[in-house]
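*Asks:* Only the shape, not the letters, is given here:
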């Protein structure tokens with residue numbers, strides 16, 4: 001029985017060995033329990049680096065894992081807290097990923113795919129019976145207990161799992177992996193256990209032909225496909241798949257979660273429970289070949305992510321709460337190199353809507369915020385030219401109407417506008433490069449005040465001005481259009 005203790009030191013009971021894997025705040029190492037000699041895998045979390053939110057997630061993961069005891073789920077055996085570290089002691093699974101094992105087999109059939117998905121469904125059904133939704137079912141989390149032939153499939157990684165009451169449907173936040181997200185999550189509708197069944201449908205589709213039902217390099221188009229349920233069974237690869245297998249996929253990939261098949265129902269489907277008479281025994285070499293390419297693409301994405309300095313899988317979408325926590329933790333981490341593009345056409349507040357498009361694909365580029373400072377905005381709002389010059393680079397360049405449209409350097413024209421108060425500003429910031437802010441200066445101050453940003457030296461890359469009366473010169477309209485800045489007339 002798993003236990004939680006803070007009085008017994010991990011090192012008193014376990015001996016650590018080689019590293020098996022690594023994450024942002026944790027490392028997984030093989031360990032041996034000294035009294036018994038039994039091998040386990042220890043997930044070691046550096047709690048000194050965790051936020052309050054991260055501590056809550058760690059407690060949730062441990063609580064959920066303690067609850068789940070099933071032969072097709074990686075089991076938690078111990079949970080030990082020490083000063084600065086938390087140890088989660090799991091089953092040691094040595095067989096690697098299921099999908100990698102399949103491509104190494106000499107023989108792989110539809111019946112084998114049926115046996116694989118049955119074990120996955122058994123684990124999902126156990127989760128659902130215990131009020132747990134995994135939320136991140138994908139090939140990377142499907143492991144084999146050992147390298148022995150016929151080794152059990154084990155479901156791993158409950159870091160995104162949540163607890164639900166019965167058939168509760170609610171908005172638990174945006175979490176999961178892009179290709180495996182369900183339509184209801186993408187629509188931001190209330191959701192629950194059916195999201196896991198949708199992911200099972202995607203996995204089963206891949207198990208049968210070696211490629212996913214929904215795919216596009218552009219994530220927006222991918223999400224449109226998923227929300228529309230736009231998949232099919234193209235020839236010739238699907239011609240040799242039995243109708244029963246296609247029927248189960250259709251029932252899993254049903255857009256309406258209320259009509260989607262449940263795990264317990266899927267286990268009773270003829271293609272699962274009558275495998276020997278329903279599922280084809282023909283070797284599927286084309287599936288194995290496609291699956292090799294699919295695995296290679298997955299690994300390439302992870303390698304690219306690691307080389308860019310991130311420790312997260314490129315396949316995984318962070319939780320909404322993680323995004324909120326990131327924004328709250330962005331305090332004084334701006335650098336002038338991070339400021340990609342700033343435009344300050346216009347000076348006193350104007351009623352412009354604020355759009356924040358936060359598509360952060362790279363979380364750990366030294367956690368730099370790319371956001372202009374509150375001090376700069378306040379200087380503009382207050383007409384404080386002295387404060388403005390202290391923040392801005394003295395060599396900034398700008399296009400000025402009074403300079404006949406020439407690119408000029410320095411602060412002289414800026415002094416003119418401050419002293420004469422003839423302008424009204426609105427602001428467009430493009431940052432990181434996946435965040436776009438369009439707002440009046442006052443709205444932007446309201447946005448960044450909660451972040452408690454520290455003052456830095458900001459460089460204004462380009463400045464374009466509008467007069468209060470009249471229309472900007474045509475060349476300025478062209479400039480603004482090229483920079484995707486919407487005109488704002490007073």
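*Replies:* Received the coordinates, thanks. Quick caveat, the model's predicted, so the values are computed rather than measured.

*Asks:* where do the strands sit along the stretch 201-350 of the chain?
*Replies:* 341-343 (DSSP state E, counting those that start in this stretch).

*Asks:* so where's it uncertain?
*Replies:* Counting by pLDDT under 70, the stretch 201-350 of the chain has low-confidence residues at 301-350.

*Asks:* cutoff 80 now
*Replies:* By pLDDT under 80, the low-scoring segments of the stretch 201-350 of the chain are 298-350.

*Asks:* ok, now how distant is the residue lying closest to residue 233 once chain neighbours are set aside from residue 207?
*Replies:* In space, and not counting its chain neighbours, residue 233 is closest to residue 246: 5.8 Å by C-beta to C-beta, 6 or more residues apart in numbering. Just so you know, the C-beta spots here come from the backbone N, C-alpha and C atoms, and that holds for glycine as well. Residue 246 sits 13 Å away from residue 207, going by C-beta to C-beta, to the nearest Å.

*Asks:* just to revisit the earlier point, for the residue nearest to residue 233, grab the count of nearby residues.
*Replies:* Close neighbours of residue 246, defined as other C-beta atoms under 10 Å, add up to 15.

*Asks:* The chain - how does it break down into domains?
*Replies:* The record's domain parsing of the chain by the TED database lists 10-91, 96-306, 353-437.

*Asks:* From the rest of the structure, what touches stretch 56-63?
*Replies:* 4, 45, 47, 50, 76, 79, 86, 88, 158-159, 161-163 (C-beta atoms under 8 Å, 6 or more residues apart in numbering).

*Asks:* So what's the residue count around the closest residue to residue 282 other than its chain neighbours?
*Replies:* Closest residue in space to residue 282, ignoring its immediate chain neighbours: residue 109 at 5.9 Å, by C-beta to C-beta, 6+ apart. Neighbours of residue 109 under the rule other C-beta under 10 Å: 16.

*Asks:* Please name the residues that touch residue 109.
*Replies:* So residue 109 contacts 279, 280, 281, 282, 283, 284 (C-beta under 8 Å, 6+ apart).

*Asks:* please redo it, this time with the cut-off set to 10 Å
*Replies:* Listed by C-beta atoms under 10 Å, 6 or more residues apart in numbering, the contact set of residue 109 reads 115, 279, 280, 281, 282, 283, 284, 287.

*Asks:* That one and residue 241, how far apart?
*Replies:* Counting by C-beta to C-beta, the gap from residue 109 to residue 241 is 11 Å.

*Asks:* shared neighbours of these two, which are they?
*Replies:* 279, 280, 282, 284, 287.

*Asks:* Start and end of stretch 174-182, how far apart?
*Replies:* 11 Å (C-alpha to C-alpha, to the nearest Å).

*Asks:* neighbours around residue 100, how many?
*Replies:* Counted with other C-beta under 10 Å, residue 100 comes out at 17.

*Asks:* so who does the nearest residue to it once chain neighbours are set aside touch?
*Replies:* Nearest residue to residue 100 in three dimensions, chain neighbours excluded: residue 295, at 6.1 Å (C-beta to C-beta, 6+ apart). Contacts for residue 295 (C-beta under 10 Å, 6+ apart) come out as 97, 99, 100, 102, 103, 139, 210.

*Asks:* ok, now residue 127?
*Replies:* Applying C-beta under 10 Å, 6+ apart, the residues near residue 127 are 64, 67-68, 70, 73, 133-134, 137, 155, 158, 161, 193, 196, 263.

*Asks:* gap between it and residue 10?
*Replies:* Residue 127 is 27 Å from residue 10, by C-beta to C-beta.

*Asks:* if we can go back for a sec, now for the contacts of residue 127, which pair is the farthest apart?
*Replies:* Spatial extent of the contacts of residue 127 (C-beta to C-beta) is set by the pair 67 and 137 at 17.7 Å.

*Asks:* Neighbour count for these two, which is higher?
*Replies:* Taking other C-beta under 10 Å, residue 67 and residue 137 do not tie; residue 137 has more neighbours (27 against 17).

*Asks:* and that one, what helix or strand is that in?
*Replies:* Counting by DSSP states H and E, no helix or strand carries residue 137.

*Asks:* who are the neighbours in contact with it?
*Replies:* Residue 137 neighbours (C-beta under 10 Å, 6+ apart): 120, 123-124, 127, 155, 157, 160, 176-177, 180, 195-200, 202-203.

*Asks:* one step back: filter the contacts of residue 295 down to the ones in helices?
*Replies:* Secondary structure from DSSP state H places 99, 100, 102, 103 of the contacts of residue 295 in helices.

*Asks:* Much appreciated, bye for now.
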